[in-house]
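Visitor: Show me the folded form of this:
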Amino acid sequence: MPNESELSLLTGMPVETIDDVRNATSALLEAGVKNVIVTLGSRGVLWMAEGIDELVSAHTVQARDTTGAGDAFIGCFSHYLVKTGNVLESLRKANRYAADSVTKLGTQTSYATAEELAQLSYS
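Guide: Numbering: from 1, shown residues only. Predicted coordinates for the structure are as follows:
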C-alpha cells in the first residue's frame, strides 16, 4: 500500500497523472504483486489487481495538517477489511476517515473517536 511517492520509488516510474499511477501500478502487478492500493492524497486512492481498476475519489476538505493521514487511512482500512472482508467499501471508509484526520492538527489527536467515526459521512 504505497503512497504515490513510494510507488515512484518502487518502480522508477513517474506518477504525475492518474494514467502514470496506473502504469506504475501495472508494473508491480506484472512483477507478481497480487493487489496494489496506492494512496493519492487529494486525488483519492487507486486499487488495482487482476481485473480490478478502482479509483476512489477523494473527499474535498480544508486540510490543516496532513501528518498521519496515511496511518489513519491504513488503520481504518485494516479495521474495516477485517470486519467486513469488502476491500472497496473499506477503501471508501478509510478514504473518508483520512480526509477527516487532515482537518485537525496533530497525528493521533486528529483521529476520530469511535463515536465521531460513526457520525462521518462516507458518501
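Visitor: Mind listing the residues bridging to the spatially most central residue of the chain?
Guide: Closest to where the C-alpha atoms of the chain average out (CA atoms, centre = their mean) is Thr39, at 3.7 Å. Judged by DSSP bridges, the bridge partners of Thr39 are Asn3, Val45.
Visitor: from memory it sits against Asn3, does it?
Guide: Yes - using CB atoms under 8 Å, Thr39 makes contact with Asn3 at a distance of 4.7 Å. C-betas here are computed from N, CA, C, even on glycine.
Visitor: quick one on the thing from earlier: gap between the residue nearest to the centre of the chain and Ser110?
Guide: Distance check for Thr39 against Ser110: by CB to CB, to the nearest Å, it reads 16 Å.
Visitor: just Val38 next, same as before
Guide: Here the criterion is CB to CB. By it, Val38 lies 22 Å from Ser110.
Visitor: contacting residues for the closest residue to Ser42 other than its chain neighbours?
Guide: Leaving aside its chain neighbours, Ser42 sits nearest to Ala58 (5.1 Å; criterion: CB to CB, 6 or more residues apart in numbering). Counting by CB atoms under 8 Å, 6 or more residues apart in numbering, Ala58 touches Leu40, Gly41, Ser42, Arg43, Gly44, Val45, Asn95, Ala99.
Visitor: got a pLDDT number for Ala58?
Guide: On pLDDT, Ala58 comes in at 89.
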